[in-house]
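Asks: Return atomic coordinates for the entry below.
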Amino acid sequence: METVTGRAIGFVMLLLVAALARASPVNDVLAQGARDGAAPAWAIAVSTPAGWTRDCCTYARAIGVDAVLYQGEWSGKPQRVMVLNVWPRKLPSLAAEVLADRKHYLQLDPAGKTASFAVRNPDMACEASVYEGGDRIDDVLVFCDPGQASGIRLSWSMSFDDNDPSRRALLDAFMRVVVASRYQSDPVSPAHVD
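Replies: Predicted structure coming up:
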């Protein structure tokens, strides 16, 4: 593992604390997808933190992701936006997803620093990566695997300016969303998605 600076260690600590403060599960579908070959239709449900806006169909589509959560007005900037991506599983394991992403990140930013750790989502295996960029923007990215039968993997990500004074509160909200995210296979009825 690369040497991790104090800023990244602070990220790790904040994420661990937030993971312990798990939100109560609510069947609140944020994004969904149709059957794709052998993979069943799916839905990702999570309650939205107070003061955050859910979007699957306007801004999320415009930037090519499955859903976003954001506060205030949509700015078009990646900072302070929770991003949900879902894709068909191709790599053999969750660890392979994390390693491929880390390799790609370090190719783009050889001076970047990385750290990773497990996240305790009770319904699926998840692993977080913290990226400290040379661009003074830090990213947290959590990959999750709902299991072989799902045919998919998903990720939650969020970017921060490295000196953002609201980082702790934002990370707490982010981790509550990650640990409360629920995969649903073959949703029976079309769910309302904001």
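
Asks: does Ser75 sit in a helix, a strand or a coil?
Replies: coil (DSSP: H, G, I helix; E, B strand; the rest coil).

Asks: check contacts around it.
Replies: By C-beta atoms under 8 Å, 6 or more residues apart in numbering, the contact list for Ser75 is empty. (Glycine included, C-beta is placed from N, CA and C.)

Asks: Next, work out how far apart it and Asp55 are.
Replies: Separation of Ser75 from Asp55 (C-beta to C-beta, to the nearest Å): 13 Å.

Asks: Then Thr48?
Replies: Taken as C-beta to C-beta, the span from Thr48 to Asp55 is 10 Å.

Asks: swap in Met124?
Replies: Distance from Met124 to Asp55, by C-beta to C-beta: 23 Å.

Asks: shaky segments in the chain?
Replies: Applying pLDDT under 70 to the chain flags residues 1-27, 188-194.

Asks: same thing but 50
Replies: 1-3, 9, 12-26, 189-194 (pLDDT under 50).

Asks: Now Val46: closest residue in space, sequence neighbours ignored.
Replies: Spatially, and ignoring its direct neighbours in sequence, Val46 is nearest to Ser181 (4.6 Å; C-beta to C-beta, 6 or more residues apart in numbering).

Asks: So what does the one you found look like in phi/psi?
Replies: phi -70, psi 140 (degrees, to the nearest 10).

Asks: again with Arg35
Replies: Torsion angles, degrees, to the nearest 10, at Arg35: phi -50, psi 140.

Asks: List the contacts of the closest residue to it other than its chain neighbours.
Replies: Distances taken as C-beta to C-beta, 6+ apart place Ala41 nearest to Arg35, at 4.7 Å, with adjacent residues excluded. Applying C-beta under 8 Å, 6+ apart to Ala41 gives the contacts 32-35, 185-187.

Asks: Noted, bye for now.
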